[in-house]
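S.K.: Quick one: sequence plus predicted model below, questions after.
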Amino acid sequence: MKLCRFGGDRLGLVDGERVRDVTAALAQLPGARYPLPNHDVLIANLPALRGAIEAAVKAAPVLALRDIALLSPVANAGKIVAAPVNYKKHLEEARADPALHHQNQVAEIQRVGLFLKATSSVVGPSEGIAIRHPERRTDHEIELAAVIGKRADRVSRETALDHVAGYCIGLDITVRGPEERSLRKSIDGYTVLGPWLVTADNVPDPSSLDLELKINGEVRQRANTRDLIIGIADLIVFASSFYTLMPGDVLLTGTPEGVGPIKPGDAIDASISHIGAMRVAVRAADAPAAVR
Ligand code: MN
């Protein structure tokens, strides 16, 4: 299944260029009362909800994909866990360019570990990226994002991928500079997730996906997840050895080489094979978002 969230907190099933509005299936979710659960209720209940989604398809209004405003496929991520420098060529480019490393030591992921981004940084492709510090270099990073589907506490490599609900494209937008990664990467809108969640059963091999990112039509990043230094299963082992991963937590697996600056007015086209493609507009923080 390709599940999207779109304008007005609606749920859609993506079928080529069409979207079937299956919002009716959300009525099957358990009602939440204070204190709210520390996971995403839709992602946690996705296996049980499949029947309701399939039932809702029959009477679902059909919309054109181009007419809807795509939101992040995860509404309530509890954690955004991210892998720094997890492609060898990106490690080499980061070490070679002072504008990227800023006199910070760029260590291998095995030494530097993982970092967390604020969940308030998450937006969907239709919301775009609002640049807050235009005087500072702000870069694009395309990454495969894995969305956790089941509670994962100190899991083994053999079972790690069983804890993935599905995959989407992630943009880990980054202000370059000397501060901690979590500060520079947690600005509102600096984690773009989309265009939709492709459930894990529809991604035959997450370790051989082509990624591509273009700025204004020009290719800047092109790579394959087979070149990850620490693969997805091992990232889940690593992360879950420190903190329990919950349904709806998002794992950003790292960006390949080719990172570079973005500025207001740019259009980012990001795509990953077996997942899809999305266009994300970049604007100044004081400019209004495009109305759709
Ligand atoms: Mn990154």
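M.R.: Cool, got the structure. If you're wondering where the values come from, they're calculated on a predicted model, not measured in any experiment.
S.K.: With adjacent residues omitted, what lies nearest to residue 55?
M.R.: Nearest non-adjacent residue to residue 55, counting by Cβ to Cβ, 6 or more residues apart in numbering: residue 25, 7.3 Å away. Bear in mind the C-beta positions are built from the backbone N, C-alpha and C, glycine included.
S.K.: Check residue 287 too.
M.R.: residue 264 is the one closest to residue 287 (Cβ to Cβ, 6+ apart), at 6.7 Å.
S.K.: go on, residue 103?
M.R.: Nearest one to residue 103, counting by Cβ to Cβ, 6+ apart, is residue 178 at 6.8 Å.
S.K.: Three-state assignment for that neighbour, please.
M.R.: coil (DSSP: H, G, I helix; E, B strand; the rest coil).
S.K.: Need the phi and psi values for it.
M.R.: phi -80, psi -10 (degrees, to the nearest 10).
S.K.: rewinding a little: so what's the backbone phi/psi at the residue nearest to residue 55?
M.R.: The phi/psi pair for residue 25 (degrees, to the nearest 10) is phi -60, psi -20.
S.K.: returning to what we had before: please work out how many residues are found near the residue nearest to residue 287.
M.R.: 17 (other Cβ atoms under 10 Å).
S.K.: shouldn't it be in contact with residue 138?
M.R.: No: contact between residue 264 and residue 138 fails when scored by Cβ atoms under 8 Å: they sit 9.9 Å apart.
S.K.: And the contacts of the regular element (helix or strand) spanning residue 270?
M.R.: According to DSSP states H and E, residue 270 maps onto strand 267-272. Outside strand 267-272, the residues that touch it by Cβ atoms under 8 Å, 6 or more residues apart in numbering are 129, 140, 142, 144, 167, 169, 171, 209-217, 262, 277-282.
S.K.: Please repeat the previous calculation with a cut-off of 7 Å.
M.R.: Contact with strand 267-272 is made by 140, 142, 144, 169, 171, 209-216, 262, 277-282, as judged by Cβ atoms under 7 Å, 6 or more residues apart in numbering.
S.K.: what about the residue nearest to residue 103, distance to residue 112?
M.R.: Noted for residue 178: a distance of 15 Å to residue 112, by Cβ to Cβ, to the nearest Å.
S.K.: more crowded one of those two?
M.R.: Remark: of residue 178 and residue 112, residue 112 carries more neighbours, 15 against 9, as counted by other Cβ under 10 Å.
S.K.: For the more buried one, give me its contacts.
M.R.: Contact partners of residue 112, counting by Cβ under 7 Å, 6+ apart, are residue 84.
S.K.: if I pick the residue lying closest to residue 123 once chain neighbours are set aside, what's in contact with it?
M.R.: Distances taken as Cβ to Cβ, 6+ apart put residue 189 closest to residue 123, at 4.7 Å, once the chain neighbours are dropped. Going by Cβ under 7 Å, 6+ apart, residue 189 touches 121, 123, 127, 129, 130.
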